[in-house]
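Participant: From the sequence below, what's the structure:
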Amino acid sequence: MGVRLEFDEFGPVKRWRVSRTLLGRPLFFAAVFWLDGLVIDTGPTSGWEALEPELARLPVKAVVVTHHHEDHGGNAGRIAARFGCPVLAHPLCIPPLASEDWTLGLYRHFVWGVPGPSQAVPLGEEIATERYRLRVIHTPGHSDDHVVFHEPKEGLLFTGDLFLHEKLKMMRNDEDAGVMAGSLESLLALPRSRLFCGHNPRVPDDHLEAIGAKLSRFRELRGRALEMRADGVPLDRIRDDLLGREEFIAWISRGRVSKRNLLEKLMAWEGA
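Facilitator: Model (predicted):
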């Protein structure tokens, strides 16, 4: 078991993709971004030893996290201690970040590791660096404390776990598809921007196109699932026909992440 760190740049944005490896193959990755001295999401503790020397080559003046989950805020306390910088987060994110009692499922413990506590201060409406000003937008749905960061000068949008993929196939059992859709729709009012996602290696140049495609996919899946349910088709059959059988992650997470969850959440979405 090891760690893989992959680096790339997009104009002023630097990105590291951190992943645990098994038999030399990377599992799920989480992205850490750097912009003008600002670290946006911190990656999991499992990747800290590989990430720390990379960040040490750069000025690090502040840390912001999109939400408290261990693959996004896991290293917040370590970065703050190493570089003597503040951690900023949504007010709802501050208590879980400070927790010393993280209870994680086996798969999350294995892939990401357990975070240590970190002390954060509340985000305001924007974050200023030497060259940029990032707007903070509250975007619940994936989690209540989720935010995204928009930089209008360069057209940069950091979406954490809100976007993930146009053709999402799974969902956590604690997510709300309707609230998530509302958060995604709010981003369509922003000027066209490059989209930086926490777990998708692709960086779309047009967030409007990417998010529009995801919302269309949500509505299409919901409509087809509701039609099949009205015809008396069992949910597992609906899942198999629309998304295919469950994958390994559904088993190892004990159903916490699954295709069935996605369909259940979409069918519960009111006002679609």
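Participant: contacts and neighbour counts: CA atoms only from here.
Facilitator: Will do.
Participant: Can you name the residues that contact L38?
Facilitator: Listed by Cα atoms under 8 Å, 6 or more residues apart in numbering, the contact partners of L38 are V60, K61, A62, V63, V64, T129.
Participant: ditto for V60
Facilitator: G37, L38, V39, F83, C85.
Participant: I figured the first one was touching P59, is that so?
Facilitator: Yes - here G37 lies in contact with P59, judged by Cα atoms under 8 Å, at a distance of 5.2 Å.
Participant: ok, V60 to T42 distance?
Facilitator: Applying Cα to Cα, to the nearest Å, the value for V60 to T42 is 12 Å.
Participant: What helices and strands are in contact with the longest helix seen in the chain?
Facilitator: Longest helix of the chain, by residue count under DSSP state H: helix 207-230. Counting contacts by 3 or more Cα pairs under 8 Å, 6 or more residues apart in numbering; DSSP states H and E, helix 207-230 packs against helix 177-187, helix 235-242, helix 259-267.
Participant: So which residues of the chain form strands?
Facilitator: 2-10, 13-22, 25-35, 38-40, 62-64, 87-89, 121-122, 126-128, 133-138, 147-151, 156-158, 171-172, 194-196, 257-258 (DSSP state E).
Participant: so can I have TSV of the ones you listed showing mean pLDDT and distance to N75?
Facilitator: Converted to TSV, the strands of the chain look like this (pLDDT from 0 to 100; distance: least, Cα to Cα, whole Å):
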stretch	mean pLDDT	distance to N75
strand 2-10	93	15
strand 13-22	90	12
strand 25-35	89	10
strand 38-40	98	11
strand 62-64	98	10
strand 87-89	98	10
strand 121-122	98	16
strand 126-128	97	20
strand 133-138	98	21
strand 147-151	98	18
strand 156-158	98	18
strand 171-172	96	22
strand 194-196	98	19
strand 257-258	96	23
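Participant: okay, these in JSON lines with distance to P115 next?
Facilitator: Formatted as JSON lines, the strands of the chain follow (distance: least, Cα to Cα, whole Å):
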{"stretch": "strand 2-10", "distance to P115": "16"}
{"stretch": "strand 13-22", "distance to P115": "15"}
{"stretch": "strand 25-35", "distance to P115": "14"}
{"stretch": "strand 38-40", "distance to P115": "17"}
{"stretch": "strand 62-64", "distance to P115": "15"}
{"stretch": "strand 87-89", "distance to P115": "14"}
{"stretch": "strand 121-122", "distance to P115": "18"}
{"stretch": "strand 126-128", "distance to P115": "25"}
{"stretch": "strand 133-138", "distance to P115": "23"}
{"stretch": "strand 147-151", "distance to P115": "20"}
{"stretch": "strand 156-158", "distance to P115": "22"}
{"stretch": "strand 171-172", "distance to P115": "20"}
{"stretch": "strand 194-196", "distance to P115": "23"}
{"stretch": "strand 257-258", "distance to P115": "20"}
